[in-house]
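*Asks:* Quick one, structure for this:
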Amino acid sequence: MNKPVPLLCACLLGVGTLMSSLPALSKDGAVAVTEIQVSPQLQAAVTNSSRTAANIVRDEYRHPAQTLAFFGLQPQQTVIEITPGGGWYAEILAPYLREGGQYVAAVVDPSALPAGGGRDYQQRSRDGLAKKFAEAPALFDRATEVAYNPAAPVLGKPGTADVVLTFRNVHNWRSNNQAEGLFRAFFDVLKPGGVLGVVEHRAKTDVPADDKSGYVGQAQVIAMAEAAGFKLDASSEVNANPRDTKDHPNGVWTLPPSNNHDAADAAKYKAIGESDRMTLRFVKP
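*Replies:* Numbers count the residues shown, from 1 in each chain. Got it, this is the predicted structure:
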């Protein structure tokens, strides 16, 4: 009859450890970049020479060490990354979590989509990530994958993940009417006290659901997460870019790394750099 008690204590201890690892908040809920402390182990994962050279170049704009430290990552956690694409963050997360934790790549299940360009794109993306993992077993041999149906997403057994991470995906989910279901799925798979970390292109203000700029209002993202049950725990300007005017002819894709612009404007957009991004930390109560 007493067996559940130690388990409950262990769970509470784990949540307490996670929360104590998070950077402290200021009165307005924002964490100053200077207050983010990066552990030697996390820094080593970011500076690992096995990372792709083209990916390392983008550290200037994506600030992976500070971003992951802000989200409170610890090497013993189960971390789910949503649609990791070509594996930019996977190159950091999988080795960092390899010994004591678990990296899970959540990819769209192509078979859940109708035949056509969308299914083909997701299949190429999934195959490319699988190839990357297979070619570097010393980094990715313990990484796992979960394939989900974006219309009815399930990311794992309820209450089993410590952290869910999403980088620059919310605008796609909004335009495809998938955001509500995905935020609920994030909430379901996380343990009580678990963290949802969101990085997203930041609009000047709210944008309509059919907006094609790639930017989303920060208040809109917060509202989506709160509607799913999350509590906003803190924000950071670690990925802010005040040079981004957010009025580009081809939206966020005008800027690096997409560089969808006239060749004559290359210097202009290179000087701006990548997009201004919100960085938000939510907690499941």
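
*Asks:* going forward, measure contacts between C-alpha atoms and count neighbours the same way
*Replies:* Fine.

*Asks:* In the stretch 51-200 of the chain, mark out all the strands, start to finish.
*Replies:* 78-82, 102-108, 144-148, 161-167, 190-201 (DSSP state E, counting those that start in this stretch).

*Asks:* Quick one: list the elements packing against the longest one.
*Replies:* Spelled out, it's strand 190-201. With contacts taken as 3 or more C-alpha pairs under 8 Å, 6 or more residues apart in numbering; DSSP states H and E, strand 190-201 sits against helix 4-20, strand 161-167, helix 170-175, strand 277-283.

*Asks:* before we move on, what SS does P257 have?
*Replies:* coil (DSSP: H, G, I helix; E, B strand; the rest coil).

*Asks:* if we can go back for a sec, would you reformat the strands of the stretch 51-200 of the chain as TSV and include mean pLDDT and distance to G116?
*Replies:* Output for the strands of the stretch 51-200 of the chain, formatted as TSV (pLDDT from 0 to 100; distance: least, C-alpha to C-alpha, whole Å):
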stretch	mean pLDDT	distance to G116
strand 78-82	98	22
strand 102-108	98	15
strand 144-148	98	18
strand 161-167	98	25
strand 190-201	98	27
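
*Asks:* so can I have CSV of those strands showing mean neighbour count and distance to T254?
*Replies:* Formatted as CSV, the strands of the stretch 51-200 of the chain follow (neighbours: other C-alpha atoms under 10 Å; distance: least, C-alpha to C-alpha, whole Å):
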stretch, mean neighbour count, distance to T254
strand 78-82, 24, 24
strand 102-108, 23, 26
strand 144-148, 17, 30
strand 161-167, 23, 18
strand 190-201, 24, 13
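
*Asks:* Reformat the ones you listed as JSON lines; add distance to L255.
*Replies:* Shown next, in JSON lines, are the strands of the stretch 51-200 of the chain (distance: least, C-alpha to C-alpha, whole Å):
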{"stretch": "strand 78-82", "distance to L255": "23"}
{"stretch": "strand 102-108", "distance to L255": "25"}
{"stretch": "strand 144-148", "distance to L255": "30"}
{"stretch": "strand 161-167", "distance to L255": "16"}
{"stretch": "strand 190-201", "distance to L255": "11"}
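
*Asks:* how about these, which one is nearest L232?
*Replies:* Nearest of the strands of the stretch 51-200 of the chain to L232, taken as C-alpha to C-alpha: strand 190-201 at 9.3 Å.

*Asks:* quick one: the closest one to strand 78-82, angle?
*Replies:* Calculated by axes from the mean of the first three to the mean of the last three C-alpha atoms, to 10 degrees, strand 190-201 forms an angle of 40 degrees with strand 78-82.

*Asks:* sorry, back to before: weakest of the helices and strands packed on strand 190-201 by average pLDDT?
*Replies:* Comparing mean pLDDT across the helices and strands packed on strand 190-201, the lowest value falls on helix 4-20: a mean of 39.

*Asks:* tally of neighbours for R184?
*Replies:* 19 (other C-alpha atoms under 10 Å).

*Asks:* Surely A151 and Q178 touch.
*Replies:* Yes. If you go by C-alpha atoms under 8 Å, A151 and Q178 touch, sitting 6.5 Å apart.
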